[in-house]
Structure formats: C-alpha cells, structure tokens
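J.: Turn this into a model:
(2 chains)
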Amino acid sequence: MDTTVVNTGTETKTWGGGNEPLKASYGKMMMWFFILSDALTFSGFLAAYGFSRFKFIESWPIADEVFTHVPFLHGQELPMIYVAFMTFILIMSSVTMVLAVDAGHKMNKAKVTFYMFLTIIGGVIFVGSQAWEWATFIKGDYGAVQTNGGNILQFVDTDGKRVALKDFAIVNEHKVRVEDQRKSGIWYTDNESLTTYTLDEVIKGFEANSNILIRTQQLTEDGKKTVLSRAESIKQLTTNGKAVVEGANLHVNEYGSPLFADFFFFITGFHGFHVLTGVIINIIIFFNVILGTYERRNSYEMVEKVGLYWHFVDLVWVFVFTFFYLV
Amino acid sequence: MAHAHKLEILRGLIKFKSNTQKIWGVLILLTIVTAVEVVLGIYKPDALNAKFIGMKLLNWIFIILTIVKAYYITWDFMHMRDETKGLRRAVVWTSVFLICYLIFILLQEGDYVQGVFSNGFVKQDF
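T.: Next up is the predicted model:
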C-alpha cells in the first residue's frame, strides 16, 4: 500500500501531521462520533415522547398498568419485573463485553472468544424478550371501546378491577359480518381486520351487567384513571362509542392515547434494531477472533470498537427503561 | 501494548486492584441502582409524590439515578475515564449541550400546547 500513503518526512515536527492530540486511533474516534450522532437521534425520539406526554399530561396511559405481563406467569399483574429482567440481561452482556475487551488487551484469544460468545447470547436473549413484549402489547388483554373523539373507554367492575370484553359481551349468534374483500367491490380499500365482538354486542353486555363501569383516560388528582358512574357510563358508551379496540397498532390502542403505542413501537423498535445489528456485528467479530485475525494483527482494537457500540446500546436502554417504564 | 486504566471510582473512595475487578465493582453498583429504581417503581411511596419544580420527586429520583448509571457505563465500560480530555469533552459536552437544549424546547412547547387545550378555546375531544 506504499502507493497510497504519502509521508512528508516532517511527522516529527509539531505541524508535520504526526501529532495525535486525542491519542485514539481513527477508527475508535469515528466510532465515538457515530455514537454521538446516534445518541442525538435517540434523544430526538425520547424528547418527542416527552413532548407528547406533556401535551396529554392529564390522560397519558399509566405504564405500570400496560406492561404487567411476565412469561409463564399467566394472569398475574407484575409490573416492572419483566423489564427489570431485560435490563439486567443487557447490563450483564455489557459486562461480558468489557471483559472481552480487557482480555483482548492481554492478547488472550481463548478468553476473548468465550466472553464474546456470552455477549452474543445475552443480546439474543434480549431481542427475544423484546419480541415477546411486543407480541403481548400488540395482542392486548382486556379490550376497550374507542369514542368518536378518539378516546379510549375501558371497563372496570365496582371494585375498580379491569374487566375484559369477553367476560361480559353478549354474542349475537345470528350476526353476519363480512370483511371487505377485493373481489366484492371496485372501490376496495384495505380495511382493519374484524374485532372479536361488535360494538352492539359490547353495549348489550354492558347494559345487562349492572356492576360494570367505564374508566376514561382522564387522570384524577392522585394520578388514577377516572371511573364514571353507572348512568354516565351508559350515556358515554351509547352516544360516543364508535369502535371496539383489541390490542394495539399504529392507529389505535386499547391502553389509551394512540401516540403511546406509536412511540412504543418506534423507540423500542429502533432500539431493538440497534441490538439486532449489534448482535450481527458481534457475531462477525466473534468469528474473526476465532479465525485469529486479530491475533495476526497483533491488536484486538476491533473488539474494543464494537464493544463501544454494544455499550451504547445498553446506555440507550437505560434511558428507554426510565422514560417508558418508570417515569 | 501498555494500557493504563484508572482504577478508582467515586473520586477515589473505592480503589480496585485490577481492571477486571473494577468491571465487577461497576456491575454491582449498576445492579444496586437498577434494583433501587425497580423497588421504587413497584411501591411508589406516597412521600415521594410531592411536586418539585413541576415534576414528582419520584421522577426526579429516577432521572438522576439514570444519569448516574449512564455516567458509569460511559466512564468505565466505554473507557471514557481513560481517554484524553479533548476526546472526552468533544463527545460529552456536545451531546449534553444539544440534548439539554432539545429537551428544553420540546417540553416547554408540549406544556404550552397542553395549556391551550385545557384553558383555551381549542377542543380536541368532541
């Protein structure tokens, strides 16, 4: 590569170009500046989330009521437990990554291989956990009714416990519901898939069960959701009810403001994408370590560079965890 | 390759013998901070619901603990502690300044929009 590198012969002089004031290699420094710009992207997302939250401060969903599921513990409400587990997995894989970098400094190939492997496993567990979290969020569990104004009406019993649509809706056996299909009309547009129950069935069931009340999005003084009286509930449901909502997507979600689901998908999705690419890059570096590329290069700095990226992913999760699940 | 690591955290309160030991020490610290956050998040003690500069005291605690965690991840896991002052400042000051500005303008605006909805004549629920 002699042809591409130009030496001026003045590198030893102050202004000769040989100075390295930051004492970091080009690759490492560029990784830092990439991380800086990526951090600004993520803070853009999180600040936008903050904007929407401040805008709807009196009706924002309560995260503790949304993320209550833990795998294998069906039907129990355990907020925070699962996400704390995910956080711990990611911090743990960060630790194995630092240990890999440390082993790299000592030129210990066996240890670098072992710790890189553990890091990849941690990343895979995290991405899997996030997929499960998404699936649970999209599926939803109680179901709700959306009003003409786009608000969500949820159902509670007189003790304030949530009631699922399937527990009270009266199913009309004779109903005929046809999903729009391309073959049935010229003016075909894609439509939402049909919900399990129609609005009429929900209203009928609601009128038949006198112990069910409606809970609106509005927060009370002490941070709880407002529960309407029976008379108000019936009025609200029959005059304002527009559609049945089950689970969450980018248009509607049964947990409250649609923006909540949008930000959940975008922020955790963007972060999950980073974890996924991190895992792929880690796998590439892992094989390079096994093949002895860095042993021959006499430096494991590449492990350090991907390590920086991996820690950054962990760093972002720390903030997502706080702003989505805690605050 | 001689890599010099600074082996003390908390301004020299805790000194570690080796870099590996420091990594485990930082893990313990991060785990304790996360555990505190989770416990506070589950129980949400009433005493911490008091408002302080427009936000619940509990939320301030969460945000401060998050920044503490971010500091140790950057300084010890990403080895920012061992980088030169120039690189450290180029990365940290840039992000801190820009992010603070972004947060300020967006939250300020969100608060204003909320005020218009609740006090003004604009209706968003009909």
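J.: Point out where the stretch 51-200 of chain A drops to low pLDDT.
T.: A:180, A:184-192 (pLDDT under 70).
J.: Quick check: residues of it near chain B?
T.: Applying Cβ under 8 Å from any Cβ of the partner chain, one finds that the stretch 51-200 of chain A approaches chain B through A:51-58, A:64, A:79-81, A:84, A:87-88, A:91-92, A:94-95, A:97-99, A:101-102, A:105, A:147-151. For every residue, glycine as well, the C-beta is placed using N, CA and C.
J.: repeat that with 6 Å
T.: Contact residues (Cβ under 6 Å from any Cβ of the partner chain) of the stretch 51-200 of chain A with chain B: A:51, A:54-55, A:57, A:80, A:84, A:87, A:91, A:94-95, A:98, A:102, A:105, A:149.
J.: Those, buried ones only, as a ChimeraX selection?
T.: Buried residues among these (16 or more other Cβ atoms under 10 Å in any protein chain shown), as a ChimeraX selection:
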select /A:51,54,55,80,84,87,91,94,95,98,102,105
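J.: Turn the residues of the stretch 51-200 of chain A next to chain B into CSV, including secondary structure.
T.: What follows is those, written out as CSV (DSSP: H, G, I helix; E, B strand; the rest coil):
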residue, secondary structure
A:51, helix
A:54, helix
A:55, helix
A:57, coil
A:80, coil
A:84, helix
A:87, helix
A:91, helix
A:94, helix
A:95, helix
A:98, helix
A:102, helix
A:105, helix
A:149, coil
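J.: Now the longest helix along chain B: buried residues?
T.: Ranked by number of residues, the top helix in chain B under DSSP state H is helix B:85-119. Residues of helix B:85-119 classed as buried by neighbour count (16+ other Cβ under 10 Å): B:87-88, B:90-92, B:95, B:99, B:102, B:106-107, B:110, B:113-114, B:117.
J.: Around chain A, pick out the residues from chain B.
T.: So chain B meets chain A at B:3, B:19-20, B:23, B:27, B:30, B:34, B:38, B:41-42, B:59, B:62, B:66, B:69-70, B:73, B:77-78, B:84, B:86-87, B:91, B:95, B:99, B:102-103, B:106-107, B:110-111, B:113-114, B:125-126 (Cβ under 6 Å from any Cβ).
J.: can you give me the helices in the stretch 1-150 of chain A?
T.: A:26-55, A:63-66, A:81-105, A:109-139 (DSSP state H, counting those that start in this stretch).
J.: so which of these is the most packed in?
T.: Each of the helices of the stretch 1-150 of chain A was scored by mean neighbour count; the highest is helix A:81-105, a mean of 23, by mean count of other Cβ atoms under 10 Å in any protein chain shown.
J.: Please say whether there is contact between stretch A:288-299 and chain B.
T.: No: figure legend: stretch A:288-299 not in contact with chain B (Cβ under 6 Å from any Cβ); closest approach 7.0 Å.
J.: distance of residue A:320 from residue A:270?
T.: Distance, residue A:320 to residue A:270, using Cβ to Cβ, to the nearest Å: 9 Å.
J.: what about these two, which has more around it?
T.: residue A:320 (21 against 15; other Cβ atoms under 10 Å in any protein chain shown).
J.: Who are the contact partners of that one?
T.: Contact partners of residue A:320, counting by Cβ atoms under 6 Å, 6 or more residues apart in numbering or on different chains, are A:267, A:271.
J.: Spell out the secondary structure type for it.
T.: Residue A:320 ends up helix, using three-state DSSP.
J.: cool, and residue A:222?
T.: What three-state DSSP gives for residue A:222 is coil.
J.: average pLDDT across stretch A:318-327?
T.: Averaging pLDDT along stretch A:318-327 gives 91.
J.: Could you check how far it is from the centre of its chain?
T.: A distance of 10 Å separates the centroid of the chain from that of stretch A:318-327, by Cα atoms, centre = their mean, to the nearest Å.
J.: Just want the most central residue of chain B.
T.: In chain B, the residue lying closest to the centroid (Cα atoms, centre = their mean) is residue B:67, at 1.5 Å.
J.: could you list every residue that touches that residue?
T.: So residue B:67 contacts nothing (Cβ under 6 Å, 6+ apart).
J.: Among the helices of the stretch 1-150 of chain A, which comes closest to residue A:287?
T.: helix A:109-139 (9.5 Å; Cβ to Cβ).
J.: Show me the shaky parts of chain B.
T.: B:1-4, B:11, B:124-126.
J.: How much space separates residue A:166 from chain B?
T.: 28 Å (Cβ to the nearest Cβ, to the nearest Å).
J.: Would you agree residue A:138 is in contact with residue A:247?
T.: Yes: Residue A:138 lies in contact with residue A:247 (Cβ atoms under 6 Å); the separation is 5.3 Å.
J.: And the helices in the stretch 151-300 of chain A, which stretches?
T.: Using DSSP H, counting those that start in this stretch, helices in the stretch 151-300 of chain A cover A:165-168, A:199-208, A:230-240, A:258-263, A:269-291, A:293-297.
J.: Show me what counts as buried in the first one.
T.: Going by neighbour count (16+ other Cβ under 10 Å), the buried part of helix A:165-168 is A:165, A:168.
J.: chain center to it: distance?
T.: 29 Å.
J.: Residues contacting it, please?
T.: Contacts for helix A:165-168 (Cβ under 6 Å, 6+ apart): A:143, A:197, A:205, A:209, A:212.
J.: Could you give me the ChimeraX selection string for whichever of those residues are buried?
T.: Per 16+ other Cβ under 10 Å, the buried members of those correspond to this ChimeraX selection:
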select /A:143,197,205,212
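J.: any chance of the contacts of helix A:165-168 in CSV, plus distance to residue A:292?
T.: Shown next, in CSV, are those (distance: Cβ to Cβ, whole Å):
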residue, distance to residue A:292
A:143, 57
A:197, 62
A:205, 68
A:209, 70
A:212, 68
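J.: closest to residue A:124 among the contacts of helix A:165-168?
T.: Closest to residue A:124, out of all of those and judged by Cβ to Cβ, is residue A:143, at 32.8 Å.
J.: pretty sure the closest one is touching residue A:246, no?
T.: Yes: Residue A:143 is within contact range of residue A:246, at 4.7 Å (criterion: Cβ under 6 Å).
J.: Next one: the residue of chain B found nearest chain A relative to residue A:60, how far apart?
T.: Among the residues of chain B, residue B:110 lies closest to chain A, at 3.1 Å counting by Cβ to the nearest Cβ. Counting by Cβ to Cβ, the gap from residue B:110 to residue A:60 is 11 Å.
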